[in-house]
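Trainee: Give me a model of this one.
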Amino acid sequence: LLLEPVQDSESVDIFAALGRVTSQDVISPINVPPHDNSAMDGYAFDGTALNKMQALSLKVVGTALAGKAWQGQVHEGECVKIMTGAIMPQGLNTVVPQELCKMTAEDAIEIPAGLLQVGDNRRLCGEDIMQGKAALSKGGLITPAAAGLLASLGVPTVSVVRRLRVAYFSTGDEILSLGESPREGAVYDSNRYTVAGLVQALGCELIDMGVVRDEPAALAQAFVDAAVKADAIITSGGVSVGEADYTKAMMKKLGDVAFWKIAMRPGRPMAVGRINQGKQSAILFGLPGNPVAVMVTFLAFVKPALLQMMGCTELPQPLARARTREVLRKKPGRTEYQRGIVTRNKEGELEVITTGNQGSGVLSSMVQANALIVLQHTQSTAQIGDWVDVLML
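Mentor: The predicted model follows:
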């Protein structure tokens, strides 16, 4: 297989685990919650005494606070005032919220008929997570919610797949690094910073290799160095058909090319393969040079591939559906990604318009967009009011 998940793992503190991928199932050492407890501020009682046709009067015999068990005894016709999260006193199984009952005396309440059923407003021991069961599965992304879940187990560390190492360099004699003086025909290297952000947002370790000139020897050395250091290599530029586009040639010389050119827009000239260096090798994504094409091909191809290499088993982000408020011109035979702005209309439906100029060098359109309009391979021009797929950014 071209994509091989990383096998190495490490144990990290939960605070450092956000965005990482679990390397094994996390088995819960405890029940969560550890006891039956109240989901409301109210009064705990034995719900079997409820009668749908008749109000229930109960005497209040104590107060149960969160953090410690109430030690008294509750008899028939009695209840205990209880706070949210407090352990349910023995023999009690139902809680009436304080706002649903009325005080009939200093130490008595009345619950109207028909409001409750047995077990209402009670959290059961282990209803969130049972002791001995998997709280998180192998291959799951640790989200803020997952980090909180781990903390609820009393687990301070978690085993995660080591960070994927991703090397990046831009290619081209026309590329200027920041700090260099402008010169005719040259452009500043925006791709380096875009890709760096995209890679780091996935939790990968970025190996920044700067700009490599359009010289075969320099490119070959850069590929060799990157293959030794990294699990994956990303380049931008050098994969078209120009005389000075050497990336594909270097891939053939140093490894294998899996495919080159994709039926998509923007991003048609994209090369994917593997660079070999002795016993080490790295998958290579040769992205186009245009800034928008770099972002689109990364989101469509590179991001899912890197997540798979990280061992992530999460499902990909689903496409949403929106009505287009303008004509979207397209010919069948390729998938097109147009930059769009999605809003919601008065009927609650999603609507989308483009950001305007869809040129693959118009990076400002990606700043303005909150979605990519995905016009599928067999699809033709979409008319105003048609439903289209959108990938929310």
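Trainee: what about Ile30, how many neighbours?
Mentor: Burial measure for Ile30: 16 neighbouring residues, criterion other CB atoms under 10 Å. To be clear about C-beta, it is placed using only N, CA and C from the backbone, and glycine gets the same treatment.
Trainee: which residues of the stretch 1-150 of the chain score low on pLDDT?
Mentor: Using pLDDT under 70 as the threshold, the predicted model of the stretch 1-150 of the chain has low-confidence ranges 1.
Trainee: how about 90 then?
Mentor: With pLDDT under 90 as the threshold, the stretch 1-150 of the chain has low-confidence stretches at 1-4, 52-53, 68, 106.
Trainee: what are the phi and psi angles of Ser365?
Mentor: Ser365 has phi and psi values of phi -70, psi -30 when expressed as degrees, to the nearest 10.
Trainee: Over to Cys204?
Mentor: Its backbone dihedrals place Cys204 at phi -80, psi 160, with angles given as degrees, to the nearest 10.
Trainee: Provide a list of residues in contact with it.
Mentor: 163-166, 306, 310 (CB atoms under 8 Å, 6 or more residues apart in numbering).
Trainee: how does it look with 6 Å?
Mentor: Counting by CB atoms under 6 Å, 6 or more residues apart in numbering, Cys204 makes contact with 163-164, 166.
Trainee: go on, Ile142?
Mentor: With contacts taken as CB under 6 Å, 6+ apart, Ile142 has the following neighbours: 17-18, 20.
Trainee: And for the residue lying closest to it once chain neighbours are set aside, the neighbour number?
Mentor: Distances taken as CB to CB, 6 or more residues apart in numbering place Ala17 nearest to Ile142, at 4.7 Å, with adjacent residues excluded. Residues near Ala17, counting by other CB under 10 Å, number 21.
Trainee: swap in Met130?
Mentor: Once other CB under 10 Å is used to define contacts, Met130 is seen to have 14 neighbours.
Trainee: Do you have the strands of the stretch 201-350 of the chain handy? List them.
Mentor: In the stretch 201-350 of the chain, the strands defined using DSSP state E, counting those that start in this stretch lie at 205-212, 232-236, 255-260, 264-265, 271-277, 280-287, 320-324, 335-344, 350-354.
Trainee: for those strands, which one ends up most surrounded?
Mentor: Per-stretch averages of neighbours, counted by mean count of other CB atoms under 10 Å, single out strand 232-236 among those, with a mean of 28.
Trainee: Give me the buried entries from the contacts of Cys204.
Mentor: Among the contacts of Cys204, those classed as buried by 16 or more other CB atoms under 10 Å are 163-164, 166.
Trainee: if I look at Ile129, how far off is Phe15?
Mentor: 21 Å (CB to CB, to the nearest Å).
Trainee: who has more neighbours, the two?
Mentor: Neighbours of Ile129 and Phe15, each counted by other CB under 10 Å, are more numerous for Ile129; the result is 20 against 9.
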